[in-house]
Structure formats: structure tokens, C-alpha cells
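**Q** this one's structure only:
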């Protein structure tokens, strides 16, 4: 049956691609929020680089996660990230971009029919909020955010998930969880956008959605037979952290959608938040009686990158230091107090990405300044004496948490009904590299 389904999917995509000029004719009129391109070659060059930087984060994540798991699950864990690049890229062109940035349906989701197979996504027009770069480039930049989000989730159910079931969940997650959150947050007609929610580069859209989905997956799949394993390659973790930090400059500074002062500000806040978080994590480890470890330094840096993501283009450099350090301290304490014996979030995805994203969202409401970004307006952060923005961020945090967790849990339930999510005990014992892919280190 699986062979038949895969054949039908492949043939359908091929046929639609070949005959797309007849089925999806190029739109010649400008639609809602699509404007005439005012090309700036500097902005365009930077955004091409930023798009490449964001893409390299996903194989970086593969190394980051792959080094943490047991030796017999390294290939499978890294392949889960790699396949996100493969599957989500095609899905994005077929329908994903339209769901995120197509004409709004009630402020909740986009109408995909206007952008199927990139219909109307031209190199000669622009998105309203990025008027100096081609819309085609903006669409591919946004694709990289969609790619890494389901890849982040995989760390929670590492070493026990069936690969084909994961692929099915990934597709459904992009369509049902990621796309609505992206549309609500970053589309001018989106519910959260109109509420005044500030999310510069993905605190809600990427990290909170992935964190809550990770928690749902860890609960649904249950514990591994052996929860404590020696990391296969801590050197992979160090390499992955370096690639993530490097790529995150595209993730955050690229979200300025231009090569200007705001991109420079976001790059600066990203740099210092990651450094402050790594420092805070290892210092706290020592205070709590642990050794200063390479794993701790790496995890701390990534948590800092997560925490600054929603705030990167809204806060000052000193505020970014505070955000990174606070995010690391909170996530470190959550990791140490997380009920490992009951919920097996294998690589602490919820404690790091979910909690880090939530801390960053709230601290955006504390430190956002109109002197950094005029879009903040008069509703500045709590530290400036106005609670309005903080309460908006808090409301969004609650709504996103409920939505992402409940819908993700429902998706795990649905996928498990279609095809079992968890490998059998003997295959888990054998390792996913051999049992799922016939390969090994």
C-alpha cells in the first residue's frame, strides 16, 4: 500500500509540474499585499546570502542532535533533519507558501489556491513588507523557516520513531500548525499581526510551535527503553552549534529583509545573546555543582539564540545580553527539574526551544524599544513603564501554546492511526540506523 501511495504522490507532482503553465497560469495583476518591485541590489544580495545561511542551520541541527544520541541512532537522527529540507521544500512550492502568505481567510490561514506551485510568486513583484527584494526570493527565504521547524521537533522523540510516520507527521504539521501560526503572526491581515504581537524572526512561529509539538510527541510516544545513553559524538554537537550560530545571522538579521541598520542591529543582538547565554549556562552548572561541559556550553548558546529570535530587531545590545542570560538560566532550571522519569523528551527540545521561545516572547514585551525599531511605537516594553505590549505578548503566548500543543497531539494521534509512530522494541534495541535505513556508523 505504501508503494502505491508514494507512486501516486510522485506521479501527481510530476504531472502538475509539467503542465503547470496550463493549470496554474502566471498572474499578471498585483494581488493583496503584492506590490511593484523597487529593486535594491544590496538588499537582494544580502537576502540571497541570508537565505543560504538559514538553510545551513538545518544540517547544523542534524549534527547538533546527531551527536547527542546513541551511536546506533546517529544516521537516522541526522537524516530526519536532512529530509525536512527535501520534503518541506517541495511542499512549500506546491501549497505551503500560499497557506502562509496567500490572501487571508479570517486572519487565520492563507488561501493556497492563489499561489499553488508558486503561481503569482514572481521575480518581478515584491511582498508588501519587503518591497526591495523579489517576491520569489522572499518566498524562498521563508521556506527555510518552515524547513527547520519540524526538524527541531525530532529531538524530543529521538531513537524511537518510525521514519515514514515522522515524514507524514511533518507534512501535516506544516499544513495544520506551522502555516496558521505563520499567517497569523507575519501576514498583515493575520490575527496576531493585527493584535500588535512582535515576533521578529520566529519565537512563536518556529520555536514555540516546535517546542510544544515536541512535548506532545514525547508524551504520546512514551519513554525509550533506555533513556540514558552516552552521546555518540560530542564533537558533532560542537560542530552543529557552530553551524547553527553561523546560520542564525541569516535567520535573525535576514528577517530585516534588507541590508540596512536593522539587519546590523539584529546581527549584534544575536551575537551577544548567544554568548551571554552560553556563559550563563556553564556558570549556573558550576554553581549547581556540575562540571563545565562542552554540551552545556553548546546548549546554552543555542538557547540564547532561541530566546533572542523574537526580540532581535526590537531591543538594544545590553537588553540582548539580559535576554540571553535569563533565557539560559530559565531553560537550565527547567531541564534540571523536568520529569524525565515520566516524560522522555530525549534532547530537551521543550525545555530549550519551547521555554526559550516563551522567555524570548515575554522579554520582547519587557525590552522592546521604539528607539531601536519605530514599529514598536508608543507601546514600548514593560521596562519603559508601559504594560500594554507585555500583556499582548503574554496573550499570544497562551494562545499559541494551547493551539500548538493540542493540535500537534491530535496529529500524532491521527498519524498513529494511519501508520504506527513508534518502532517495535526489538527494532529500538537494534537501533534506528539499521532497522529503518540499513546503514550504520
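**A** Good, I have the coordinates. Here the structure is a predicted model, which is why all the values come from computation and not from measurement. Numbers count the residues shown, from 1 in each chain.

**Q** From the structure, what's the count of residues near residue 261?
**A** By other Cβ atoms under 10 Å, 11 other residues sit near residue 261. The C-beta positions use only the backbone N, C-alpha and C, and glycine is treated the same way.

**Q** what's the helix or strand for residue 412?
**A** helix 388-418 (DSSP states H and E).

**Q** what helices or strands is that helix leaning on?
**A** helix 163-173, helix 179-186, helix 191-195, helix 209-221, helix 355-367 (3 or more Cβ pairs under 8 Å, 6 or more residues apart in numbering; DSSP states H and E).

**Q** For the first one, buried residues please.
**A** Within helix 163-173, the residues that qualify as buried by neighbour count (16 or more other Cβ atoms under 10 Å) are 164-173.

**Q** what does it rub up against?
**A** With contact meaning Cβ atoms under 8 Å, 6 or more residues apart in numbering, helix 163-173 is reached by 2, 76, 79-80, 83-84, 87-88, 91, 149-150, 153-154, 157, 213, 217, 408, 411-412, 414-416, 418-421, 432, 436-437.

**Q** switch the cut-off to 6 Å
**A** For helix 163-173, the external contacting residues (Cβ atoms under 6 Å, 6 or more residues apart in numbering) are 150, 411, 415, 419, 421, 436.

**Q** same deal with the second one?
**A** Taking contacts as Cβ under 6 Å, 6+ apart, the residues outside helix 179-186 that touch it are 99-100, 108-110, 190-192, 199, 204-205, 209.

**Q** now the last one
**A** Counting contacts by Cβ under 6 Å, 6+ apart, the residues outside helix 355-367 that touch it are 198, 203, 207-208, 211, 303, 306-307, 309-311, 314-315, 319, 323, 327, 330-331, 334, 381-383, 389-390, 393, 397.

**Q** As a check, name the ranges of all strands in the stretch 1-150 of the chain.
**A** Ranges of strands in the stretch 1-150 of the chain, per DSSP state E, counting those that start in this stretch, are 34-36, 104-105, 109-110, 125-127.

**Q** is it possible to export these to a markdown table including mean pLDDT and mean neighbour count?
**A** Converted to a markdown table, the strands of the stretch 1-150 of the chain look like this (pLDDT from 0 to 100; neighbours: other Cβ atoms under 10 Å):
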| stretch | mean pLDDT | mean neighbour count |
| --- | --- | --- |
| strand 34-36 | 94 | 15 |
| strand 104-105 | 96 | 17 |
| strand 109-110 | 96 | 24 |
| strand 125-127 | 96 | 22 |
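
**Q** Next, format the ones you listed as CSV and append distance to residue 425.
**A** Formatted as CSV, the strands of the stretch 1-150 of the chain follow (distance: least, Cβ to Cβ, whole Å):
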stretch, distance to residue 425
strand 34-36, 53
strand 104-105, 44
strand 109-110, 40
strand 125-127, 49
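
**Q** Which among the ones you listed is found nearest to residue 177?
**A** Nearest to residue 177, of all the strands of the stretch 1-150 of the chain, is strand 109-110, at 11.1 Å by Cβ to Cβ.

**Q** how much space is there between residue 393 and residue 366?
**A** As for residue 393, its distance to residue 366 is 9 Å (criterion: Cβ to Cβ, to the nearest Å).

**Q** Pick out whichever of these two has more residues nearby.
**A** residue 393 (30 against 21).

**Q** contacting residues for the more buried one?
**A** Going by Cβ under 6 Å, 6+ apart, residue 393 touches 361-362, 364-365.

**Q** hang on, the earlier thing: distance to residue 130 added to the contacts of helix 179-186, as a markdown table?
**A** Formatted as a markdown table, these follow (distance: Cβ to Cβ, whole Å):
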| residue | distance to residue 130 |
| --- | --- |
| 99 | 19 |
| 100 | 14 |
| 108 | 22 |
| 109 | 21 |
| 110 | 16 |
| 190 | 16 |
| 191 | 21 |
| 192 | 19 |
| 199 | 16 |
| 204 | 20 |
| 205 | 16 |
| 209 | 22 |
